[in-house]
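> Please find the sequence and the predicted model below.
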Amino acid sequence: MRLILLGPPGSGKGTQAQRLVQRYGIIQLSTGEMLRAAVAAQTAVGLKAKDVMASGGLVPDDIVIGIISDRLDQPDAAKGFILDGFPRTVPQAEALDELLKKKRMRLDAVIELRVNESALLQRVESRVAEMRARGEEVRIDDTPEVLTKRLASYRALTEPLIHYYSERRKLLTLDGMMTIEHVTREITRILAAIGAVEAKASSKPGAAKPTAKSARLAGGKASKARRAPRKAAKASRKGGKMVSKGSKKPIRKAAASSKAAGGRKTTKAAKKVTKKRAKA
């Protein structure tokens with residue numbers, strides 16, 4: 001399973017990514033964590049990123065792609081991965097496509113969590129107000145002002161990816177304003193529908209799948225059961241015991257035989273009369 005999660009800040013990408021990791025045993029690839037890990041491991045790509053980060057600049061796309069490439073070569077990435085926070089731009093998406101093509105990997109889906117931005121801002125405002133009322137410290141990056149800037153950046157840089165992946169028939173959109181549990185169920189249903197994961201064989205545990213042999217046996221028993229009433233009706237018609245359509249047949253035969261017998265008696269009487277007249 002190889003997925004990309006798209007959505008603005010606060011859409012719940014991180015929460016859903018963790019649930020997928022726990023359920024399916026795949027890894028979550030975060031560019032920030034990968035950069036820090038590469039720098040700590042002092043890999044060739046990590047050393048390049050370290051120099052850029054030390055100067056306060058943005059790490060170029062080719063370095064980020066190099067770090068992702070190294071990470072995908074590790075054994076724990078064999079089951080699959082979720083990319084969260086990358087790609088952020090169309091050029092990054094194109095570079096990722098080339099990387100996966102070289103590694104003979106296929107991207108299963110890009111799941112977009114679509115949310116209402118005004119509702120997100122209201123959530124943050126309510127959360128900040130509650131934290132301040134309790135005397136708790138509010139994070140600098142967890143304020144409506146910061147979220148407004150991040151949303152604007154998302155619209156400018158990342159939203160074009162929706163069109164990019166939609167053209168490639170990889171995009172699947174969900175309502176991110178649903179409850180966490182509902183979103184999780186919808187993601188699971190979508191992954192089963194596209195064949196990224198196996199669907200449940202049966203709703204009841206331990207239920208056996210019908211085999212071709214059992215289906216034929218069941219069909220034979222059903223056809224025998226359907227034929228039984230017909231045989232009984234046929235037998236009853238022959239015996240003339242049941243008052244039904246078939247019972248009229250024996251009655252007609254009896255009437256015909258009685259008529260024939262009466263006819264024979266009438267003929268004999270007529271012959272006797274003829275003989276008497278001839279003698280006279």
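Perfect, I can see it now. Numbering: from 1, shown residues only.
> Low-confidence ranges, the stretch 101-250 of the chain, go.
Scanning the stretch 101-250 of the chain for pLDDT under 70 picks out 141, 198-250.
> hmm, try it at 80
138-143, 196-250 (pLDDT under 80).
> residue ranges of the helices in it, please?
117-133, 144-153, 160-167, 180-193, 212-239, 248-279 (DSSP state H, counting those that start in this stretch).
> Just the buried positions in the fourth one, please.
Taking 16 or more other C-beta atoms under 10 Å as the neighbour-count basis, helix 180-193 is seen to contain the buried residues 183, 184, 186, 187, 188, 190, 191. Heads up, the C-betas are built off the backbone N, CA and C, glycines and all.
> just checking, residue 88 is part of a strand?
No: judged by DSSP: H, G, I helix; E, B strand; the rest coil, residue 88 forms no part of a strand; its state is coil.
> Pull the number of nearby residues for it.
Neighbours of residue 88 under the rule other C-beta atoms under 10 Å: 17.
> Let me know the distance separating it from residue 113.
Per C-beta to C-beta, to the nearest Å, residue 88 is found 15 Å from residue 113.
> Would you mind pulling the contact partners of stretch 119-138?
Contacts to stretch 119-138, defined as C-beta atoms under 8 Å, 6 or more residues apart in numbering, come from residues 8, 9, 10, 11, 142, 143, 144, 147, 148, 151, 177.
> Turn these into CSV, including distance to residue 98 and neighbour count.
CSV is the format used below for the contacts of stretch 119-138 (distance: C-beta to C-beta, whole Å; neighbours: other C-beta atoms under 10 Å):
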residue, distance to residue 98, neighbour count
8, 27, 22
9, 28, 18
10, 31, 20
11, 27, 22
142, 36, 13
143, 38, 15
144, 39, 14
147, 33, 20
148, 35, 14
151, 30, 17
177, 35, 15
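> shouldn't residue 16 be in contact with residue 113?
Yes: look at residue 16 against residue 113 with C-beta atoms under 8 Å: they come within range, at 7.2 Å.
> what touches both of those two?
Common contacts of residue 16 and residue 113 (C-beta under 8 Å, 6+ apart): 5, 183.
> can you list the domains in the protein?
The record's domain split for the chain, according to automatic domain parsing, is 2-26+79-193, 242-280.
> what about the first one, start to end distance?
By that I understand domain 2-26+79-193. Distance across domain 2-26+79-193, first residue to last, is 15 Å (C-alpha to C-alpha, to the nearest Å).
> Likewise for stretch 96-116?
End-to-end distance of stretch 96-116: 29 Å, with C-alpha to C-alpha as the criterion.
> So which bits of that stretch are buried?
Of the residues in stretch 96-116, 96, 100, 107, 108, 109, 110, 111, 112, 113, 115 count as buried by neighbour count, 16+ other C-beta under 10 Å.
> which two in those are spaced the farthest apart?
The distance between the two most remote of the buried residues of stretch 96-116 (C-beta to C-beta) is 27.6 Å, for 100 and 115.
> Need the domains of the chain in a markdown table (columns: distance to residue 50).
Output for the domains of the chain, formatted as a markdown table (distance: least, C-beta to C-beta, whole Å):
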| stretch | distance to residue 50 |
| --- | --- |
| domain 2-26+79-193 | 19 |
| domain 242-280 | 97 |
